[in-house]
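Undergrad: Predicted model and sequence follow; I will ask about them next.
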Amino acid sequence: MPKTICSKEDWLKLGLLRFAKSGPTALIIEKMASTLGCAKTSFYNYFGNRERYIDEIIEFWVQYTTHHVGKKLNEIESPLEKLKFLTEYLFSTKEMENFYFYFRELANENPNYRRILDENELYRMNALSDILQTLNLTKANSLMKAEIYYDYFFGWHDRNKHLSITPGILRKQFKIISNILGVPINY
């Protein structure tokens with residue numbers, strides 16, 4: 001039976017999901033080619049080697065998550081609606097599971113990954129801080145609250161990543177985030 005042709009994006013999407021679930025050890029090219037139903041030669045044509053593949057997965061993740069969410073936030077006018085969208089997105093999206101955990105491990109060993117991680121986190125916290133400043137928080141206060149929000153989310157995620165997210169769980173998180181930020185966000 002002839003193999004189908006896999007696109008670079010097919011490889012990146014599957015790699016991103018596997019990396020998010022089990023880290024770089026889950027990126028077994030032969031198994032992934034089988035899952036995609038294509039020859040592993042397409043992998044080597046696109047990426048050349050596993051290290052380059054991981055580099056591109058991380059870049060794909062930056063585009064897929066951070067810039068995609070940033071673009072969505074820019075389409076929303078109301079600062080409170082932006083906070084509502086961001087909170088609902090973060091606390092209900094499960095597809096990235098442990099991506100940050102595995103990415104942080106790589107960043108501890110690789111200065112380039114550390115730079116990408118630091119830039120990404122700074123971008124995210126500044127975006128949240130900008131929203132909070134439009135709600136009359138000072139720059140210093142909004143930066144501090146953005147970092148607390150960010151740290152709270154990661155702690156919450158680590159403790160609750162195996163839960164099915166229900167409306168009741170989301171309502172509770174909205175209430176907690178409202179208290180942390182000092183602004184009313186209703187779910």
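TA: Sure thing, it's come through. Numbering: from 1, shown residues only.
Undergrad: and the closest residue to Tyr113 other than its chain neighbours, which of the three is it?
TA: If the residues on either side of it in the chain are set aside, Tyr113 comes closest to Ala107, at 4.2 Å by Cβ to Cβ, 6 or more residues apart in numbering. Every C-beta, even on glycine, is put in place using the N, C-alpha and C of the backbone. Following DSSP: H, G, I helix; E, B strand; the rest coil, Ala107 is assigned to helix.
Undergrad: Surely Ala107 touches Asn120?
TA: No. The criterion here is Cβ atoms under 8 Å, and Ala107 misses it with Asn120 at 10.1 Å.
Undergrad: Against Phe153, how distant is Ile58?
TA: Using Cβ to Cβ, to the nearest Å, we find Ile58 at a distance of 20 Å from Phe153.
Undergrad: Mind checking which of the two has more residues around it?
TA: Counted by other Cβ atoms under 10 Å, Ile58 and Phe153 do not tie: Ile58 has more neighbours, with 23 against 16.
Undergrad: how about the helix or strand hosting that one: buried residues?
TA: If you go by DSSP states H and E, Ile58 is part of helix 50-61. Judged by neighbour count using 16 or more other Cβ atoms under 10 Å, the buried positions of helix 50-61 are 53-58, 60-61.
Undergrad: Kindly calculate the angle that the strand or helix carrying Phe101 makes with helix 50-61.
TA: Element membership of Phe101, judged by DSSP H and E, is helix 99-109. Helix 99-109 runs at 130 degrees relative to helix 50-61, counting by axes from the mean of the first three to the mean of the last three Cα atoms, to 10 degrees.
Undergrad: Tell me the helices and strands packed up against helix 99-109.
TA: With contacts defined as 3 or more Cβ pairs under 8 Å, 6 or more residues apart in numbering; DSSP states H and E, helix 99-109 has these neighbours: helix 8-22, helix 50-61, helix 111-133.
Undergrad: Would you mind putting the CA coordinates of that helix into CSV?
TA: Extracted in CSV, the C-alpha atoms of helix 99-109 (Å, rounded to 0.1, in the frame of the first residue of the first chain):
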residue,chain,number,x,y,z
PHE,A,99,4.7,21.2,27.4
TYR,A,100,6.1,23.8,29.7
PHE,A,101,7.5,21.2,32.1
TYR,A,102,9.5,19.5,29.3
PHE,A,103,10.5,22.7,27.7
ARG,A,104,11.8,24.0,31.0
GLU,A,105,13.9,20.9,31.3
LEU,A,106,15.4,21.5,27.9
ALA,A,107,15.9,25.2,28.7
ASN,A,108,17.9,24.3,31.8
GLU,A,109,20.4,22.5,29.5
